[in-house]
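K.L.:
structural data only, the sequence is not supplied:
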């Protein structure tokens, strides 16, 4: 049978989806919203930021270098080249439009994909800003700002990640020539995972063990040229390249480098804090490093705010699609449209609500905690400048645990949202697949999420011992001391709730979370201090107390802000405050249910109360259901950012799926490479049965 | 500075990793194993299967079409072409080596990547075997077996997945021409997700609503030609193509197809079970479909056994690497090697043991349950042939829930294993990234994991009502009735354990799991039957009782087999039995801890007993730790199958990481595409500072 209808490149017929389209369904959802969506966006972002975002969006949406059309079809080399194009154009746009830092950040946020220069901006330049002398600023920083040199940050090694003190690369001072000799003594000493180093960078900050005068002084930073500025060839003594494909993050050229007795001049040693005296090699120590802990709090506040965006993106996609996607008729309560029964939108099923609505709540929770972390960071910076380091320990410990808890929450929730989109969640067009892959490094970088919980737990145990010894007073800025003190005053306290509705009470909730955290801390302290259990044997419980503490913080920051925020107290914001309160309860009670065994084991909650808790959660889901689309619309994430067929603002899900399938390069040719060699011979053999019978057994 | 050391393609220097290499570390681990690893492999697989595997392995390891070297670097079109090459060569090898079905299955298992022909074998041919008349077998099946036609299975539509009855595609009988007209009335009617249809297939089994004589008879199968056999062009009236990139499974060309009043001859309707009379269009119904439920049990037993392989692969990689990867010195118990302190292998940390060792246990649990499912499948087939359908309901319900529970366990555990490999788990070279991506469809296909739990729960509730009404007797083959009866006899029963060691008791464990499942079922029944709660409002609890029931089954099959298995009772298998018992306890107690809140809420377990339970788990981890490498070695998974730098049998992790990085195509050229346009202009501008100053602001 010959064919005459080619339809290559493939075009779909001009048909509509069955039943009410996504536009109509979303419009009906939006009509149900009880609060002013724009006002909530403005409350979270400020009108000034939203205006900036819209300005930047208009510019980059019309820039071919920022086009996302091909994002999901590209091979790895294409991703990297496209990323370099964006990097160059980005630098030009910033000049053309006189962008400030916030504008550039917004452009990067909207583009939503790290690129080969990301670490040049994210680590190379900040390190040069903070760790260099004036001479070095002129030599390295000024040129880096002009992109005359492109840099990266080389710390992690093939055999060494979290344990920075175990790094193997050495930098030995050679007094005779006033140089350092950088060397990789073993294979595991290879610098590895270095973003931007694979193909883009010509310089690197290299963390190497400083050896001078026969003494090993541990890791220090050096600014080292890796490739020729003339033609990008690796310099003699350098082995450098790309570490290969990763689970995600494939537009970035993470690289490796090894050094074979590679000499760099004395000026390569970044000398703002420690120095090596030229000629003698005499070493002078850096001053107290406490101030840098403050910066870590800021970085982690950024990460928590980043979690907010991640959860906002994932829920925007999953919620919008769940109101459009229909499955089965719920016989007990059939959905009608224009007086006809239609299949039920999946968000009407309790299971789908249970999977998704608490994630919207956690996005809001992260917003309030991120904002509180910024506030405390500023406060702490002011206090430290006055010489008062009293806030630092608690702030640093909480921020470590919060980074761990919230990024783990985020990655789990992204995947929950992807799976809640059913089969189409598995298509890259959902926008959630690559997002999950690219987001994952957050659980490892800026402190591995498991190891961080040990830092938090150490502080919690120390504070517990202090409270126990009467050496710590409750204070406004230290909630840890407060809940530990309360617990020790009444370690047999019980939850007073006697009906489901009584769980909608901020004080009751905070007492429960505080008690549960304190109980866990007390138990771990008992095991270690009284029963002599080793730290290693307690690591599971150690992670649990860090989590319990940070869940307390997330819940508290959410609930307390809603009580105190002047903006939300205004009469015109009444309905906004009401829905945020509902979300705060949903977040708190759902978290309580997730961790139910700990609340039960502490003796604070009874089995009967657990049943009430579960009942109240179902009531809350019911309350939130009609507001779901409004709540994700309020995140104000533009379609360009989402780049998702399922999550579009206009709900044209199926039209978008087919458009994106038309753009698949495989659909631009009649046959795929391999057809001639591997398919045609089989099929054409069938055309002459006499031959086929001779050649083929029944097996073939 | 000019460069003279090119090193392109990149070659690493010939250096060793620091400290004891992976080979020495793994050898030390293997020396600790208390049981005969080969005997355990043989027990699980049989020597005959292991021999077959080795034979097939030797053949395909030397076949270029089966080479995995480039697997992680390929673009999507390359993956598909390589897949087609493998498909063609596979068909040839089967003839050349006279392979039986098991040999071919082993070859596919080892190759470990679905390809464009996978659905031709997996769905097209089996459907033609089971649903066709003799005439149709000649016309379709015989040609399919010879690859003269290549097929796929087109059921799912853009707007319809789990709800098969909601499919939109129609097939209207036209008596005048004795044809069917296949038609896609809307955009959502597009067949979507159809494996092999994107570029490879020329035929499809199309599930379409049969309409004859004005009556809509619901979905029925048709064998439909899609593309020309001459040149593979889509036939007139057909819109067909690839649905685009997916989260995984990208070597398969999942496709779409739409029909525009497309006519097929009468013979296209697969007519083994129902018929449409030529000319009149009169429809005759299929016979009772109960027998097909038996087949579903078999398919699901295969999936559970597949979970075993998935968990085995993931733990083999994660465990071997965790004995080689070292991080920090555990000050309380420093690890020594050749009398020198080395960093501690991460598997010595309790947290890592807690993350990984229970997953090994669950792999063994799935093995024993899979085996039991096969046994019950055979038994049930025999019984059904005698006209006895008494086993079917329980078997079908359990197999639905077990498919859901074990594949969800698997996918979560794969990701846990990947993350437990730290940073390198994120490299594709770990072998775990693509594995996770490719495994994911298992939670959706053969029944969506959420929807399946409703089937199981419906059966559990029905059985509960029967037991309550005295209409069901406990029997050897129906454990559900047994544990429900026990619960109703003593709904206030308590766990008798008074020390951690008392948890090492099969009877105690089974009582606990049975009680907890029954308690949950009773509560749901109460809510629905007495309080009138709707099914929809109970979906969360419905999923929980399905899970509780299936965890009981997994635990029971594991524990009971160890008590009864004649092979394991032999004196020479004493140490094997001992380690399997330890694993069964670890699986059971860890599952109990994971679901602790349900055991507590049922009143069966107390807070004090929970503390004992946790203590016993730590003891079990301690016991299993030295056996960990032996336990994964016993899975007997060859390096070719694993294709992982981290999981190699010889432990040469870092050597393998660098070899695989050398093979990265980006490292075969000096510069990446984009260097000339996007990097060089910036860098070269820096060479003439006078120009640079004029052109660039400080921003650039």
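P.N.:
Looks like it arrived, so ask away. Not measured: the values here are computed from a predicted model.

K.L.:
and the stretch 251-400 of chain A, which residues reach chain B?
P.N.:
Proximity of the stretch 251-400 of chain A to chain B, by CB under 8 Å from any CB of the partner chain, involves residues A:253, A:256, A:258, A:260, A:325-328, A:330, A:332-333, A:343, A:348-351, A:354. To be clear about C-beta, it is placed using only N, CA and C from the backbone, and glycine gets the same treatment.

K.L.:
from those residues, which land in helices?
P.N.:
The helices, defined by DSSP state H, take in A:350, A:351, A:354 from these.

K.L.:
JSON lines please, covering the residues you listed and showing neighbour count.
P.N.:
Below are these laid out as JSON lines (neighbours: other CB atoms under 10 Å in any protein chain shown):
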{"residue": "A:350", "neighbour count": "20"}
{"residue": "A:351", "neighbour count": "19"}
{"residue": "A:354", "neighbour count": "17"}
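
K.L.:
quickly name whichever of the residues you listed is closest to residue B:174.
P.N.:
For those, the minimum distance to residue B:174 (CB to CB) is 43.0 Å, reached by residue A:351.

K.L.:
rewinding a little: just the ones of the residues of the stretch 251-400 of chain A next to chain B in strands?
P.N.:
Using DSSP state E, A:256, A:258 are the members of these that sit in strands.

K.L.:
centre of the chain to stretch A:543-552, how far?
P.N.:
Stretch A:543-552 sits 19 Å away from the centroid of its parent chain (CA atoms, centre = their mean, to the nearest Å).

K.L.:
can you list the residues that contact it?
P.N.:
For stretch A:543-552, contacts defined as CB atoms under 8 Å, 6 or more residues apart in numbering or on different chains pick out A:398, A:400-402, A:404-406, A:450, A:452-454, A:456-457, A:460, A:479-480, A:483, A:510, A:513-514, A:516-517, A:520-521, A:524, A:591, A:595, A:598, B:351.

K.L.:
cutoff 7 Å now
P.N.:
A:398, A:401-402, A:404-405, A:450, A:453, A:456-457, A:460, A:480, A:483, A:513-514, A:516-517, A:520-521, A:524, A:591, A:598, B:351 (CB atoms under 7 Å, 6 or more residues apart in numbering or on different chains).

K.L.:
hmm, back to that, whichever of the residues of the stretch 251-400 of chain A next to chain B end up buried, select them in ChimeraX.
P.N.:
A single ChimeraX command selects the buried members of those (16 or more other CB atoms under 10 Å in any protein chain shown):
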select /A:253,256,258,325,326,327,330,343,348,349,350,351,354
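
K.L.:
related to what we said a few turns ago, next, format the ones in helices among the residues of the stretch 251-400 of chain A next to chain B as TSV and append pLDDT.
P.N.:
TSV is the format used below for these (pLDDT from 0 to 100):
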residue	pLDDT
A:350	96
A:351	96
A:354	98
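
K.L.:
which single one of those is nearest to chain B?
P.N.:
Nearest to chain B among those: residue A:351, at 3.9 Å, using CB to the nearest CB.

K.L.:
and for the closest one, nearest residue in space, chain neighbours not counted?
P.N.:
Once flanking residues are discounted, residue A:351 sits nearest to residue B:539: 3.9 Å by CB to CB, 6 or more residues apart in numbering or on different chains.

K.L.:
next one: the strand or helix carrying that neighbour to chain centre, how far?
P.N.:
Using DSSP states H and E, residue B:539 maps to helix B:539-564. The chain centroid and the centroid of helix B:539-564 are separated by 19 Å under CA atoms, centre = their mean.

K.L.:
how near is the residue of the stretch 101-250 of chain A found nearest chain B to residue A:121?
P.N.:
Ranking the residues of the stretch 101-250 of chain A by distance to chain B (CB to the nearest CB) places residue A:148 first, at 2.5 Å. Residue A:148 is 15 Å from residue A:121, where distance means CB to CB, to the nearest Å.

K.L.:
ok, residue A:343 next?
P.N.:
48 Å.

K.L.:
residue A:407 too?
P.N.:
Note on residue A:407: its distance to residue A:121, by CB to CB, is 21 Å.

K.L.:
which helix or strand in chain A has the lowest average pLDDT?
P.N.:
None of the helices or strands of chain A scores lower by mean pLDDT, DSSP states H and E than helix A:689-695, at a mean of 39.

K.L.:
around chain B, which positions in the stretch 551-700 of chain A sit nearby?
P.N.:
Counting by CB under 7 Å from any CB of the partner chain, the stretch 551-700 of chain A comes close to chain B at A:596-597, A:600-601, A:603, A:607, A:610, A:618, A:654-655, A:657-658, A:660-661, A:664, A:666-667, A:670-675, A:678-679, A:682-683, A:685-687, A:692, A:696-700.

K.L.:
correction: the previous question concerned the stretch 1-150 of chain A.
P.N.:
Residues of the stretch 1-150 of chain A found near chain B (CB under 7 Å from any CB) are A:1-7, A:10, A:12-13, A:15-18, A:72-73, A:75, A:77, A:80-81, A:84-85, A:87-88, A:91, A:94-95, A:143, A:145-148, A:150.

K.L.:
quick one: contacts of the host helix or strand of residue A:576?
P.N.:
Per DSSP H and E: residue A:576 is located in helix A:574-594. Residues outside helix A:574-594 that contact it (CB under 7 Å, 6+ apart): A:34-36, A:39-40, A:43, A:357-358, A:361-362, A:364-365, A:503-504, A:509, A:512, A:551, A:555, A:558-559, A:562, A:568, A:599, A:613-614, A:616-617, A:620, A:623-624, A:627.

K.L.:
ok, 6 Å please
P.N.:
Defining contact as CB atoms under 6 Å, 6 or more residues apart in numbering or on different chains, one finds that helix A:574-594 is touched by A:34-35, A:40, A:358, A:361-362, A:364-365, A:503-504, A:509, A:551, A:555, A:558-559, A:562, A:568, A:617, A:620, A:623, A:627.

K.L.:
swap in stretch A:26-34?
P.N.:
By CB under 6 Å, 6+ apart, stretch A:26-34 touches A:323, A:575, A:626, A:627, A:629, A:630, A:651.

K.L.:
pick out the most distant pair among the residues you listed.
P.N.:
Most distant of the contacts of stretch A:26-34, by CB to CB, are A:575 and A:651, 24.3 Å apart.

K.L.:
from residue A:653, how far off is the residue nearest to residue A:669 when sequence neighbours are not counted?
P.N.:
Distances taken as CB to CB, 6+ apart put residue A:8 closest to residue A:669, at 6.7 Å, once the chain neighbours are dropped. Using CB to CB, residue A:8 is found at 26 Å from residue A:653.

K.L.:
what about the two, which has more around it?
P.N.:
Between residue A:8 and residue A:653, residue A:653 has the larger neighbour count (other CB atoms under 10 Å in any protein chain shown), namely 29 against 14.

K.L.:
what about residue A:490, neighbour count?
P.N.:
When neighbours are counted by other CB under 10 Å, residue A:490 comes out with 9.

K.L.:
quick one: it from chain B, how far?
P.N.:
Applying CB to the nearest CB, to the nearest Å, the value for residue A:490 to chain B is 18 Å.

K.L.:
mind listing the strands for chain A?
P.N.:
A:153-154, A:170-174, A:179-183, A:191-194, A:203-212, A:215-225, A:238-242, A:255-259, A:262-265, A:275-276, A:283-284, A:335-337, A:340-342.

K.L.:
so residue A:213 sits against residue A:281, correct?
P.N.:
Yes - counting by CB atoms under 6 Å, residue A:213 sits close enough to residue A:281 to count as a contact (5.0 Å).
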